[in-house]
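**Q** Quick check, what structure comes out for this input:
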Amino acid sequence: MASGSEGPSSTSHKHSNRLAKERSPYLLQHAHNPVDWYPWGKDAFDKAKNEDKPIFLSVGYSTCHWCHVMERESFEDEEIGKILSENFICIKLDREERPDVDKVYMTFVQATSGGGGWPMSVWLTPELRPFIGGTYFPPRDRGGRPGMTCVLKWQNNRPALESSGERIIEALKKGTTITANAGQSPPLAPDVANRCFQQLAHSYEEEYGGFRDAPKFPSPVNLMFLMSYWTVNRSTSEGVEALQMALHTLRMMALGGIHDHIAQGFHRYSTDSSWHVPHFEKMLYDQAQLAVAYITASQVSGEQFFAEVAKDVLLYVSRDLSDKSGGFYSAEDADSVPASGGPEKREGAFCVWTASEVRELLPDVVEGTAGNATLADIFMHHYGSKSKDPHGELQGQNVLIVRYSVELTAARFGITVEKVNELLASARAKMAVVRKSRPRPHLDTKMLASWNGLMLSAYARVGAVLGDKDLVERAVKAGGFLKEHLWDAKQQTILRSCYRGDQMEISVYLWLLDDYAFIICGLLDLYELRQDVVRDDQGRGYFCSDPTDSTVLLQLKKGEDGCISLLTQSQRSTFLRLSHYTGRQEWLQKSQQLLTAFSDRLTTVPIALPEMVRALMAQHYTLKQVSLKLTHMIMKGNKFRHQKDLCCPPKLILHP
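**A** Numbers count the residues shown, from 1 in each chain. Below you'll find the model as predicted:
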């Protein structure tokens, strides 16, 4: 296979380190820093112990904007590179390859600094215990942030810092322990669901939708909970409000700049409260979860608008994040070189437009319009946006956002709605051609088992609802990819990741919990169309990684929803589905035990666990079983009426 990741090249570099032999795109980005980087592994650990040197652990991912900034400012600095290499064993870690390791040290950083994010910088003892941690460090003290050169003076107080770190880790071990007492049962689903709704309603932003202030994330887990809540509370004012919150948020996101109106898909998050100016990176897991959220919205509302957005997302993934083997790539970067030239990459350069660019590209006068308007006039009225640039990198350029509906645009120019739709489609096609000619952002071609499982679910679910044979076939192809490239038949084990190369190289890391959880969920979704996973027998939860791995200090169980839907919810839902499919009660018992382990958090802060609340609701209201033959429905191109009518409460499709 042709190489699609950034592998070693014959280009001469002033500096090279051990990362040049790695396959991770993120590690390869740092292969020529003036820092003596090691990958996470035994060689680095042994060297730290033999030389009694602390470890500097730097964690990020290849499409992270601030990771690029820190590299440019600190890791490419000769002086800082020398100090780091002389005083520490320096390790680079791709958080997408080892989210279990990332989670441990992020827990430490959040506990000691009150915040977290990437890049993450943590200093460890040779025994891998953290004693200093943070996120972005400028090269020198700046704006209240300690610089790298300041932090490097840690040696003056090493014993006290190490002792403090030891105490914090022990406290975290106690604080992150989740267990279920014998005889304990999960809390009552209606009470938990009502409390979760109330907490979400309190943080809801009414004008533009979404939760809390900027930066504003899509939070599909919250939206899926709200739609599930409505399905069992349709006759109440709370249920009606929940549905309105979900649909309004999804609509405003689709109209906003966080949605790429030219090349489809969704950006990572919005830097403002109106969904206008995004952080431009695009992540596979966002596309998967948002496609499911939009197709679910089309089911509960009956509005074609939401189905079109779901198809839009999958069009982007099929075109730009798909490998010919059937797998899906991880992400597209936010930064790229401006089309106008220049040595430095800029965030959003690939996506934004100046007014003069639009007018030059769309100069034709549209006959029959008021004032002899040009295509540019109509396009800019519909997608008009003021020049905004929160990072000061793209002055005078615009992020497209739908300002006026097609109906209002038609009325403004005195033409029909059909004509406006035709003109806007023509304009978008022309602009897409121009965008393709611009320097593209970096593409992370790593193919992760867990994220591919999420994407498999998205294609299966959207294909089922729309009766779209092509989407169903793409889901089948994704399932084949997982079996061929990320399944070790001999060891009966899922592999974490692979990369496109001369051959499909396989990552040295084996399974993590999310790999199993999301792949099983995706395969069950696929089954509806045509275990024992690292269980903690004492605490009755499931560890995020292999509990025998001594290099992972904290064996954490996923207990909150982040950017990706909660792993334990996927497990619980999977156990419940398997119980119904097979008639085996042990799966139902596992589901019950897992919910019981999280009883305290479900009772007090269900807003942190919306996916698990949905799982609790599914158990309380029971699954509906539908036995039918779907093959003829696909072949004849009919809509999957049962899929559309029975989206919630949760259902099972059984094949006779």
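**Q** Break this structure down into its domains, please.
**A** Domain assignment for the chain, taken from the TED database, gives 18-156, 189-337+443-534+559-621, 351-437.
**Q** what's the model's confidence in the longest one, averaged?
**A** If I follow you right, that is domain 189-337+443-534+559-621. When pLDDT is averaged over domain 189-337+443-534+559-621, the result is 87.
**Q** quick one on the thing from earlier: of the domains of the chain, which stretch is the most buried?
**A** The highest average neighbour count among these, using mean count of other Cβ atoms under 10 Å, belongs to domain 189-337+443-534+559-621 at a mean of 21. The way it works is simple: take the backbone N, C-alpha and C, and place the C-beta from them, glycine included.
**Q** re earlier: out of the domains of the chain, flag the one nearest Ile169.
**A** Ranking the domains of the chain by proximity to Ile169 (Cβ to Cβ) places domain 18-156 first, at 5.6 Å.
**Q** picking up where we left off before, okay, the domains of the chain in a markdown table with distance to Ile169 next?
**A** Output for the domains of the chain, formatted as a markdown table (distance: least, Cβ to Cβ, whole Å):
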| stretch | distance to Ile169 |
| --- | --- |
| domain 18-156 | 6 |
| domain 189-337+443-534+559-621 | 18 |
| domain 351-437 | 36 |
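**Q** what's the spacing between the residue most central in space within the chain and Arg268?
**A** With distances taken as Cα atoms, centre = their mean, Tyr285 lies nearest the centre of the chain, 3.7 Å away. In this structure, Tyr285 and Arg268 are 10 Å apart, going by Cβ to Cβ, to the nearest Å.
**Q** Tell me where the stretch 1-150 of the chain has helices.
**A** 25-29, 42-51, 65-70, 78-87, 99-113, 148-151 (DSSP state H, counting those that start in this stretch).
**Q** His15: which of those is closest?
**A** With Cβ to Cβ as the measure, helix 78-87 is the member of the helices of the stretch 1-150 of the chain nearest His15 (7.8 Å).
**Q** Send me the closest one as PDB with only the CA atoms.
**A** Taking C-alpha atoms only, helix 78-87 is exported to PDB below (Å, rounded to 0.1, in the frame of the first residue of the first chain):
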ATOM      1  CA  GLU A  78      18.200  24.800  20.700                       C
ATOM      2  CA  GLU A  79      18.800  26.000  24.300                       C
ATOM      3  CA  ILE A  80      15.700  24.400  25.700                       C
ATOM      4  CA  GLY A  81      16.300  21.200  23.800                       C
ATOM      5  CA  LYS A  82      19.800  21.000  25.300                       C
ATOM      6  CA  ILE A  83      18.600  21.600  28.800                       C
ATOM      7  CA  LEU A  84      15.800  19.100  28.500                       C
ATOM      8  CA  SER A  85      18.100  16.400  27.100                       C
ATOM      9  CA  GLU A  86      20.800  16.900  29.700                       C
ATOM     10  CA  ASN A  87      18.600  16.900  32.700                       C
END
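**Q** Can you give the distance of that helix from its chain's centre?
**A** 34 Å (Cα atoms, centre = their mean, to the nearest Å).
**Q** got the residue ranges for the helices in the stretch 151-300 of the chain?
**A** With DSSP H, counting those that start in this stretch as the definition, the stretch 151-300 of the chain shows helices at residue ranges 158-175, 189-203, 220-231, 237-255, 284-301.
**Q** what's next to the longest one, contact-wise?
**A** Helix 237-255 is contacted from outside by 194, 197, 200-201, 204, 208-210, 218, 223, 226-227, 229-230, 232-234, 259, 266, 274-275, 293-294, 297, 300-301, 303, 305-306, 309, 401-402, using Cβ atoms under 8 Å, 6 or more residues apart in numbering.
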